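S.K.: Predicted model and sequence follow; I will ask about them next.
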Amino acid sequence: MYEELHGTFDTLKRFVLFGGTTNPKLTQDIADHLGVEVSPIDIEKFANGETYVKPGTTVRGSDVFFVQSLAGPNVNDALMEILIASDACSRASCRSFTAIISHYAYARQDRKATPREPITARLVANLLEVSEVDRIVTLDLHQGQIQGFFDIPVNHLTALPLFGEYYEKKDFDWENTVVVSPDVGRAKAAKRLSDQLGCSLAIAHKSRPKHNMAEVMAVIGDIEGKTCIINDDMIDTAGTLVGSIKELSKMGAGDIYVCATHPIFSGPAIDRLMEAPITEVVVTDSIPVPQDRLGDRLKVMSVAPLFAEAIYHIYTDVPVSDIPGGDAAL
């Protein structure tokens with residue numbers, strides 16, 4: 001299929017695709033879409049916990065693409081794999097190193113909300129640049145302004161068109177359907193999804209007394225008796241989301257659907273979602289979801305085709321914005 005669209009994938013320019021340890025299936029799926037092999041790379045741990053990374057093939061003069069999700073129980077280890085891989089490839093004379101970061105960790109720490117708080121999203125950007133990463137390709141950042149933390153090119157992709165295509169196949173009464181933004185900050189993304197679906201928009205106004213806790217104070221827009229589609233960039237513990245869903249139900253919402261790009265699913269998140277009055281939850285595979293937790297109400301969509309298209313466009317010097325989901329201008 002890929003060859004029908006683009007022709008044979010030309011690797012004469014020395015294309016190399018590596019994958020980190022956090023999302024090997026996504027790496028393989030991307031390789032399958034491109035029609036290439038995942039190159040071998042040795043990633044190990046020393047007894048004291050230090051990370052060791054060594055490419056298993058020559059990268060001299062090559063354009064290297066390294067796929068990694070900054071997620072899971074060892075987020076910091078995942079970040080170190082990218083940093084060390086970039087350093088190793090740079091010292092081995094690669095032509096360029098592109099970090100394909102399907103989930104960018106620390107993105108919520110993007111500003112000083114209270115005195116003495118760090119801006120860790122900027123710190124991670126600095127670390128990536130110092131380690132000789134030449135380009136970042138990432139998906140649905142918590143805030144698009146994080147791109148400004150970098151002095152290197154950043155291709156910010158979005159899964160919104162994928163969600164839109166998924167819901168377009170549903171037999172919804174679009175006049176009685178509303179996309180609900182979980183907060184004001186996500187309103188532009190929700191508006192983009194509602195425009196694609198041709199339905200109305202509502203915005204939840206929340207207070208956030210502390211991290212991983214929020215309370216819905218009011219909803220701007222009409223949700224009573226309507227099918228609600230809540231769109232967010234991530235689901236972490238799901239405490240805030242489930243609390244919002246319960247409040248929407250009390251306010252008279254009809255069936256409630258949830259779509260989110262990054263299934264962090266910390267702690268009891270999945271159990272909370274399955275116990276909540278939700279018709280269905282749709283996420284992407286930017287972070288692996290345990291197969292034994294998937295069911296009728298929890299579905300995973302692959303973003304491998306989106307990343308494969310982005311890699312192809314970067315490698316062949318074609319604008320990434322030409323592909324659906326290639327421009328997350330939110």
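M.R.: Now that the structure is in, tell me what you want to look at. Residues are numbered from 1 along each chain as shown.
S.K.: Check the contact between residue 138 and residue 82; I expect there is one.
M.R.: No: contact criterion CB atoms under 8 Å: residue 138 and residue 82 do not qualify, at 11.6 Å. To be clear about C-beta, it is placed using only N, CA and C from the backbone, and glycine gets the same treatment.
S.K.: can you list residues touching both of the two?
M.R.: Any residue near both residue 138 and residue 82 by CB atoms under 8 Å, 6 or more residues apart in numbering counts here, and that gives residue 101.
S.K.: Please report how far residue 224 lies from residue 244.
M.R.: From residue 224 across to residue 244, the span is 16 Å (CB to CB, to the nearest Å).
S.K.: Those two: who's more crowded?
M.R.: Between residue 224 and residue 244, counting by other CB atoms under 10 Å, residue 244 is the more crowded of the two (24 against 11).
S.K.: What pLDDT is listed against the more buried one?
M.R.: With respect to pLDDT, residue 244 scores 84.
S.K.: any idea which helix or strand carries it?
M.R.: helix 239-250 (DSSP states H and E).
S.K.: what's the answer for residue 37, then?
M.R.: Short version, using DSSP H and E: residue 37 is in no helix or strand.
S.K.: which stretches of this protein form strands?
M.R.: 15-19, 41-45, 51-55, 63-68, 96-101, 135-139, 154-157, 177-181, 200-210, 213-220, 227-235, 256-263, 280-284, 298-301 (DSSP state E).
S.K.: need the least confident one among these, by mean pLDDT.
M.R.: strand 213-220 (a mean of 65).
S.K.: With only the CA atoms kept, save stretch 125-141 in PDB.
M.R.: Taking Å, rounded to 0.1, in the frame of the first residue of the first chain, the C-alpha atoms of stretch 125-141 are listed here in PDB:
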ATOM      1  CA  ALA A 125      14.300  20.600  25.400                       C
ATOM      2  CA  ASN A 126      17.700  21.800  26.500                       C
ATOM      3  CA  LEU A 127      18.900  18.300  27.200                       C
ATOM      4  CA  LEU A 128      17.800  17.000  23.800                       C
ATOM      5  CA  GLU A 129      19.500  19.900  22.000                       C
ATOM      6  CA  VAL A 130      22.800  19.500  24.000                       C
ATOM      7  CA  SER A 131      22.800  15.800  23.100                       C
ATOM      8  CA  GLU A 132      23.000  16.700  19.400                       C
ATOM      9  CA  VAL A 133      19.400  15.900  18.400                       C
ATOM     10  CA  ASP A 134      18.700  17.700  15.100                       C
ATOM     11  CA  ARG A 135      15.000  17.500  14.900                       C
ATOM     12  CA  ILE A 136      12.000  16.600  17.100                       C
ATOM     13  CA  VAL A 137       8.800  14.900  15.800                       C
ATOM     14  CA  THR A 138       6.200  14.700  18.500                       C
ATOM     15  CA  LEU A 139       2.400  14.300  18.900                       C
ATOM     16  CA  ASP A 140      -0.200  16.400  20.700                       C
ATOM     17  CA  LEU A 141       1.900  18.400  23.100                       C
END
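S.K.: do you know how far the residue nearest to residue 303 when sequence neighbours are not counted is from residue 295?
M.R.: Nearest in space to residue 303, with sequence neighbours left out and distances taken as CB to CB, 6 or more residues apart in numbering, is residue 284 at 4.7 Å. Going from residue 284 to residue 295 by CB to CB gives 17 Å.
S.K.: Could you check which of the two has the larger neighbour count?
M.R.: residue 284 (25 against 10).
S.K.: and that one, bridged to which residues?
M.R.: The bridge-partner assignment for residue 284, based on DSSP bridges, gives residue 301.
S.K.: Pull up the per-residue confidence for the closest residue to residue 79 other than its chain neighbours.
M.R.: Closest residue to residue 79 apart from its sequence neighbours, by CB to CB, 6+ apart: residue 70 at 5.6 Å. Residue 70 carries a pLDDT value of 96.
S.K.: quick one: contacts for residue 70?
M.R.: 22, 78, 79, 82, 101, 103, 104, 105, 106.
S.K.: Just give the number of residues close to the third one.
M.R.: Looking back up the chat, that one is residue 79. Residue 79, neighbours per other CB under 10 Å, totals 22.
S.K.: my read: it touches residue 127, true?
M.R.: Yes: between residue 79 and residue 127 there is a contact under CB under 8 Å: 7.2 Å.
S.K.: Against residue 87, how distant is the nearest residue to residue 149 once chain neighbours are set aside?
M.R.: If the residues on either side of it in the chain are set aside, residue 149 comes closest to residue 125, at 3.9 Å by CB to CB, 6+ apart. As judged by CB to CB, residue 125 and residue 87 stand 16 Å apart.
S.K.: Residue 29 contacts residue 304, correct?
M.R.: Yes: assessed by CB under 8 Å, residue 29 is found in contact with residue 304 at 3.5 Å.
S.K.: My read is that residue 268 contacts residue 237, right?
M.R.: Yes: Residue 268 lies in contact with residue 237 (CB under 8 Å); the separation is 7.1 Å.
S.K.: So which of the two has more stuff around it?
M.R.: Set residue 268 next to residue 237 and count neighbours by other CB under 10 Å: residue 237 wins out with 17 against 13.
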